[in-house]
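1. Pasted the sequence and its predicted model underneath.
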Amino acid sequence: MNETYQAYINRVAQLTLPATYSTQLQTIQTSPKFVDGQVAYFPGYSVITPTSNEDPTNQGFYSQVQLLQQQLIEQLESDLIIPLPPESFHLTLADLIWGDSYQQAVTENAEFDDKLRLQINHSFQQYKNLEQNFHNVQWQLWGLSIRPRAIMACLAPKDQASYDAIVALRRCLYQNEGLMGLGIEQQYDFTAHITLGYFNQIPTDLNRSQLCIIISQIADRLLDGEPAIINILSGELRKFDNMVNYYRQSDWATISFA
């Protein structure tokens, strides 16, 4: 959480270079979040922007993300990636708890969900009480990035204020002692992204050099025009059962950037 705005820009720029793609493609592997092409049970909580089907303000942005995903589907080897449904696209502002850690937590503490939701309310209230009010929070499509089990569209803040807004929110969450007591902690550097798909079975004869060229060309076309911008108007606590179904109750915590 102490990474500066410029350090973030430099790191994301590095992630979206062809040389980085080439290295990352050497270690890709099948995602356990899908089994035989079907979404697997993988429960947890995150703070996210509204999913694209519930975000009318950003339909133009998500249309560009979907176009990017479609180009990957059409040009990569058949069945190499399992694309996520576009209606589930979203930007994760803060990972909270997931998978085995979540299942163990609710097994050991029947009130875990209620306590987590209460602490998220506290964190959001702390954010609202900050002296600096954050508005007009905008991030833009920056390029493609490859993770061991997924391919995603990377985002960069349009300006430092947009970066500071998200960093401040994450501090309010991860420095909340009540959340720490529930086992919630920051486990990864923040890299703003929209996950496009997860890797399926990796062919033994996969031509990684050609794959790198294709991904680089798609990313280059993305950067040819004006970058698509997402206006981050709110963040919401959402629960998920898997990587396509994110939901919330009407009384769960939200934070407004509008």
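-> Received the coordinates, thanks.
2. drop to CA atoms for contacts and neighbour counts, all remaining ones
-> OK.
3. Tell me the buried residues in stretch 141-151?
-> Residues 141-147, 149-151 are the ones in stretch 141-151 that count as buried (16 or more other CA atoms under 10 Å).
4. May I see those residues arranged in JSON lines, with pLDDT as well?
-> Conversion of the buried residues of stretch 141-151 to JSON lines gives the following (pLDDT from 0 to 100):
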{"residue": "L141", "pLDDT": "97"}
{"residue": "W142", "pLDDT": "95"}
{"residue": "G143", "pLDDT": "94"}
{"residue": "L144", "pLDDT": "97"}
{"residue": "S145", "pLDDT": "97"}
{"residue": "I146", "pLDDT": "98"}
{"residue": "R147", "pLDDT": "97"}
{"residue": "R149", "pLDDT": "98"}
{"residue": "A150", "pLDDT": "98"}
{"residue": "I151", "pLDDT": "98"}
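5. now, which of the residues you listed sits nearest I215?
-> Among the buried residues of stretch 141-151, L144 lies closest to I215 (CA to CA), at 7.7 Å.
6. now, which of the buried residues of stretch 141-151 lie within strands?
-> 141-146, 150-151 (DSSP state E).
7. returning to what we had before: okay if I get the buried residues of stretch 141-151 as a markdown table plus distance to E87?
-> Below are the buried residues of stretch 141-151 laid out as a markdown table (distance: CA to CA, whole Å):
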| residue | distance to E87 |
| --- | --- |
| L141 | 18 |
| W142 | 21 |
| G143 | 21 |
| L144 | 20 |
| S145 | 21 |
| I146 | 21 |
| R147 | 22 |
| R149 | 21 |
| A150 | 18 |
| I151 | 17 |
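8. Mind listing residues that contact stretch 245-258?
-> Applying CA atoms under 8 Å, 6 or more residues apart in numbering, the contact partners of stretch 245-258 are 51, 88, 117, 120-121, 124, 128, 134-137, 232-240.
9. what residue of this protein is the furthest out?
-> Here the centre of the chain is the reference, and by CA atoms, centre = their mean the most remote residue is D205, at 30.2 Å.
10. between the buried residues of stretch 141-151, which is nearest R221?
-> Using CA to CA, the buried residues of stretch 141-151 come closest to R221 at G143, 9.6 Å.
11. Looking at the contacts of stretch 245-258, which are in helices?
-> Taking DSSP state H, the ones among these that sit in helices are 117, 120-121, 124, 128.
12. State the mean pLDDT of stretch 232-244.
-> For stretch 232-244, mean pLDDT rounds to 98.
13. contacting residues around the residue most central in space within the chain?
-> In the chain, the residue lying closest to the centroid (CA atoms, centre = their mean) is T92, at 3.9 Å. The neighbours of T92, taking CA under 8 Å, 6+ apart as the test, are 46-49, 192-194.
14. Quick one: end-to-end length of stretch 18-34, please.
-> With CA to CA, to the nearest Å as the measure, stretch 18-34 spans 27 Å from end to end.
15. what are the ranges of the strands in the chain?
-> Per DSSP E, the chain carries strands over the ranges 34-35, 38-39, 44-48, 81-83, 92-98, 137-146, 150-157, 193-199, 229-232, 234-240, 246-247, 254-256.
16. Of all those, which one comes closest to Q186?
-> Q186 sits nearest to strand 92-98 of all these, at 7.5 Å, using CA to CA.
17. As CSV, could you dump the C-alpha coordinates of the closest one?
-> Provided in CSV are the C-alpha atoms of strand 92-98 (Å, rounded to 0.1, in the frame of the first residue of the first chain):
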residue,chain,number,x,y,z
THR,A,92,-11.6,-5.5,-7.9
LEU,A,93,-10.7,-2.7,-5.5
ALA,A,94,-9.7,-5.0,-2.6
ASP,A,95,-9.5,-8.8,-2.3
LEU,A,96,-10.7,-9.9,1.2
ILE,A,97,-11.0,-13.7,1.6
TRP,A,98,-11.6,-16.6,-0.7
